Structure formats: structure tokens, C-alpha cells
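In: below: sequence and its predicted model.
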Amino acid sequence: MNPKTQTSDQTLFMLFLAMGCLWLMGVASTSLLSGKTVKGPSFGTIDYKAYTLLNIARPYTTKVKAVKIKKRILMNPSAFTIVRPPIIKEKSYWPVREEVDCSKQKCIALTFDDGPSENTKPLLELLKAKKARATFFVLGLQIELFPQLLQKMIDEGHEIGNHTYHHKNLATLPSDQVASEINSVENLVYNTTNYRPHIVRPPMGEYNAADPVLANYPIVLWNADPWDWRYRNPVVINNEATPQIKLGSILLLHDIYPSSVEAVPKLIDNLSQQGYVFVTVSELFGWKDESAIPKGQIFRGR
Ligand code: NI
């Protein structure tokens, strides 16, 4: 054996030893954490607080720590009791303005699907500047990535609708999986904002009309679709959308594409000139409170 090979063998041995130690430390810290109560409004975010972990008196609020703790919980979930503190707000939110009456006004509902994403924040700024309300049909997967944008949507008067967790075709799923796709997003939105979305848009507009889970919600589809996901060009999107829009339309766009967000200023300016008011889906149909929500019906426009 030449000295070079020997050195590399020793290095390899030390490396394995170090990896073994790290693994043991991981197991030890997991068992040390077992049985503790974990408090926090949402995992992996800057807001995460784990006061009781490791018996450390001061709360951890850093993102790194939250991610580490989440990993340990995922390794051994049954050992932990997850406690989400109640969110206390002055009043509950409902995405409808008193002064809006779409039986008299020229209303249009802009809807944005598949987000939130990195394009949603600039979109929210645009909508705010244009004083336009919209509806966001959000995905659970995306909420996990951009949880802070949900509260911003609500603070700025928009509506949040349920677009399922994974964007699967609901028509091909058994009912228990449809329930989990819908309920997980409802709980995620509620735990993040204290707002429970009351409208559902099935991915691709595909669903089984006999599904008992979907019978609990109004199914909100669309009647204007510029195929923004295909064209990815703001000029083309506007050209495609304009002739389709009529009084009481629901327009389908996707806030995961920068080109769709870029199409919005011109779209709003053109429609404003024609006297359109930009409303949430609940405003479009005059759903002023929980009792006004029709269940198990399909809506494509007013
Ligand atoms: Ni979608």
C-alpha cells in the first residue's frame, strides 16, 4: 500500500466517523425533543416560535431554527403535540364591500389561479394602485412557500378561494382524497389568516358533480379565458381577453406567470374606461355573509 492510498483511507474513515457522530447527535436531539409541545402559527416561517423545545427559556424565532425543528418533527411526528395558538382578530373578514352592488353596477371579477408565487406581490401592488379587487384561487403547495402573501390579500380587500393542495384532477380522485385536497387548503388559509375560504375552483375545472365534498361549496369556474398559461405574452393575453369579457364576467388568469401580471395594468385601464368595476367573486354574486353562500352550484359568471 503506498502512503497516498493510506492517507485517503484514513480520511475516509474519519469522514465515516464524523457522519456517524452527526447521525447519533440527530437521534439524541430528536429523543430529547420528544413529548414536548411545539407552539407556532406556521412551520418554516420567520414567525415560528418554539418556546418549550430543549427547555430553553427564550423563544427561537429564526427561520433556520424553525426548519431544523420541522425536520425533527417529520422524523418522529407521533412524539410531538403540535399546538397552534388561536389567532385573535378584532373582527372576522368577509370579502364584500357595502357599496358594491353588481345588480346595478358593471362588474367584472378578475381571478388569479395557482399562486401565491413571487409574482403575486407585484400584482398586489398593481391592484392596490388601480384600486381593483380580485380573487385568488390558491394552492396549498404555494401557500407553504409564500404564506405571508395571504394576509396581504386580505388586508387589501381581496378574496381567497380554494384551488386544492396539489392541483390534481379531482374528477379522477376518490372522495376521501378530494376531501383532503380541499380541507388541507381551508385549514392552511385559516391558520395563516383567520379567514376560511368559502368558494372552490377545481383544478382545470375538472370535478365529479356527485362528489359529496364539493356539494358543500359553490364551484366557481369562469367564462373568459385568454389562455395566459399558453401565450405568456401580455399583449396577446389582452387581445384574447378583451372580446370575451362582458357584464358580470369571471376572467381566468394565473399569477404564477410574470406575463399574466404584466397584462394587468392595460387590462384594468381598458376595462375602467368602459366603466367596469373590479370586484371579488362574492361581490359579483352579492354573497354578503355565510348564510348567502349557495352550496353545490356552479358559477361561470353573473
Ligand atoms: Ni389551476
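Out: Arrived safely. Numbers count the residues shown, from 1 in each chain.
In: mind listing the strands for the stretch 201-302 of the chain?
Out: In order along the chain, the stretch 201-302 of the chain carries the following strands (DSSP state E, counting those that start in this stretch): 219-220, 250-254, 277-278, 298-299.
In: now render these as TSV, adding mean pLDDT, distance to residue 266 and mean neighbour count.
Out: For every residue, glycine as well, the C-beta is placed using N, CA and C. Putting the strands of the stretch 201-302 of the chain into TSV (pLDDT from 0 to 100; distance: least, Cβ to Cβ, whole Å; neighbours: other Cβ atoms under 10 Å) gives the following:
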stretch	mean pLDDT	distance to residue 266	mean neighbour count
strand 219-220	98	25	24
strand 250-254	98	13	23
strand 277-278	98	14	20
strand 298-299	98	27	16
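In: kindly report the residues of the stretch 151-300 of the chain close to the ion.
Out: Taking Cβ under 5 Å from the ion as the criterion, the neighbours of the ion within the stretch 151-300 of the chain are residue 203.
In: burial measure for the closest residue to the ion within the stretch 151-300 of the chain, as a count.
Out: When distances are taken as Cβ to the ion, the stretch 151-300 of the chain approaches the ion most closely through residue 203, which lies 4.7 Å from it. Residues contacting residue 203 under the criterion other Cβ atoms under 10 Å number 19.
In: residue contacts, it?
Out: Under the criterion of Cβ atoms under 8 Å, 6 or more residues apart in numbering, the neighbours of residue 203 are 163-164, 167-170.
In: spell out which parts of the stretch 1-150 of the chain neighbour the ion.
Out: If contact is defined as Cβ under 5 Å from the ion, the residues of the stretch 1-150 of the chain in contact with the ion are 113-114.
In: how near is the closest residue to residue 219 other than its chain neighbours to residue 252?
Out: Spatially, and ignoring its direct neighbours in sequence, residue 219 is nearest to residue 298 (4.7 Å; Cβ to Cβ, 6 or more residues apart in numbering). Summarising the geometry, the distance separating residue 298 from residue 252, computed by Cβ to Cβ, to the nearest Å, is 14 Å.
In: one step back: the residue nearest to residue 219 contacts residue 222, doesn't it?
Out: No - with contact taken as Cβ atoms under 8 Å, residue 298 and residue 222 are classed as non-touching, separated by 11.0 Å.
In: pretty sure residue 245 sits against residue 253.
Out: No - no contact is recorded between residue 245 and residue 253 when judged using Cβ under 8 Å, the distance being 11.8 Å.
In: return the distance of stretch 247-263 from the chain's centre.
Out: 17 Å (Cα atoms, centre = their mean, to the nearest Å).
In: now do stretch 135-155
Out: Relative to the mean C-alpha coordinate of its chain, stretch 135-155 is positioned 4 Å out (Cα atoms, centre = their mean).
In: give me the number of residues near residue 201?
Out: 26.
In: pop out the phi and psi values for it.
Out: Torsion angles at residue 201 (phi, psi; degrees, to the nearest 10) stand at phi -120, psi 110.
In: just residue 104 next, same as before
Out: phi -120, psi -30.
In: now do the one 5 residues further on
Out: Backbone dihedrals for residue 109, given as degrees, to the nearest 10, come out at phi -110, psi 110.
In: for residue 159, see how far away residue 275 is.
Out: 22 Å.
In: er, residue 192 I mean
Out: Counting by Cβ to Cβ, the separation of residue 192 from residue 159 is 15 Å.
In: so which of these two has more stuff around it?
Out: For residue 192 versus residue 159, the count of surrounding residues by other Cβ under 10 Å is larger for residue 159: 29 against 21.
In: wait, isn't residue 233 in contact with residue 258?
Out: No - using Cβ under 8 Å, residue 233 is not in contact with residue 258, being 10.8 Å away.
In: quick check: buried residues in stretch 277-290?
Out: 277-285, 287 (16 or more other Cβ atoms under 10 Å).
In: show me what the host helix or strand of residue 191 is packed against.
Out: Taking DSSP states H and E as the criterion, residue 191 maps to helix 175-193. Based on contacts counted as 3 or more Cβ pairs under 8 Å, 6 or more residues apart in numbering; DSSP states H and E, the elements that helix 175-193 packs against are helix 140-145, helix 148-155, strand 159-162.
In: for the first one, name the packing helices and strands.
Out: Contacts defined by 3+ Cβ pairs under 8 Å, 6+ apart place helix 140-145 against helix 175-193.
In: and the contacts of the helix it packs on?
Out: Contact partners of helix 175-193, identified using Cβ under 8 Å, 6+ apart, comprise 41-42, 84, 87, 93, 138-140, 143-144, 147, 150-151, 154, 160, 162-166, 168, 170, 173, 195-197, 200, 207-208, 211-214, 217.
In: much appreciated, bye for now.
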